[in-house]
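[1] Here's my sequence, what's the structure:
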Amino acid sequence: MKALDTLIEEYRNKMFLIAREDGLNSHRTLIASQHLDELLNIKMTECKTTSKLIEKH
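    From the prediction side, this is the model:
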């Protein structure tokens, strides 16, 4: 779980750098944002699964 958090932070920083260089509406910023969204969705799914496991015990 820690590795995923680190990866999310890295992508977030990368997206901000690209947005600063190319602008918020650039294609590269959009792609970076989509990759970040995918990672965040994975994280959210993991959190939901963990919560369900905890509730069962």
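[2] packing partners for the lengthiest helix in the chain?
    If you go by DSSP state H, the chain has its longest helix at helix 27-56. Contacting helix 27-56 under the criterion 3 or more Cβ pairs under 8 Å, 6 or more residues apart in numbering; DSSP states H and E are the following elements: helix 2-22. The way it works is simple: take the backbone N, C-alpha and C, and place the C-beta from them, glycine included.
[3] tilt between the helix it packs on and helix 27-56?
    Counting by axes from the mean of the first three to the mean of the last three Cα atoms, to 10 degrees, helix 2-22 lies at 160 degrees to helix 27-56.
[4] Contacts for helix 2-22, please.
    S26, R28, T29, A32, S33, H35, L36, L39, L40, I42, K43, E46 (Cβ atoms under 8 Å, 6 or more residues apart in numbering).
[5] Among these, which one lies nearest to I54?
    Taking Cβ to Cβ as the measure, E46 is the one of the contacts of helix 2-22 closest to I54, at 12.6 Å.
[6] Tell me where this protein is predicted with low confidence.
    1, 53, 57 (pLDDT under 70).
[7] Dump the contacts of helix 2-22 to TSV, plus distance to L17 and neighbour count.
    Shown next, in TSV, are the contacts of helix 2-22 (distance: Cβ to Cβ, whole Å; neighbours: other Cβ atoms under 10 Å):
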residue	distance to L17	neighbour count
S26	12	13
R28	10	14
T29	10	19
A32	9	20
S33	13	16
H35	13	14
L36	12	17
L39	16	17
L40	18	14
I42	22	13
K43	21	15
E46	26	12
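[8] want to throw those into JSON lines with distance to I8?
    Shown next, in JSON lines, are the contacts of helix 2-22 (distance: Cβ to Cβ, whole Å):
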{"residue": "S26", "distance to I8": "21"}
{"residue": "R28", "distance to I8": "19"}
{"residue": "T29", "distance to I8": "17"}
{"residue": "A32", "distance to I8": "12"}
{"residue": "S33", "distance to I8": "13"}
{"residue": "H35", "distance to I8": "10"}
{"residue": "L36", "distance to I8": "7"}
{"residue": "L39", "distance to I8": "5"}
{"residue": "L40", "distance to I8": "7"}
{"residue": "I42", "distance to I8": "9"}
{"residue": "K43", "distance to I8": "6"}
{"residue": "E46", "distance to I8": "11"}
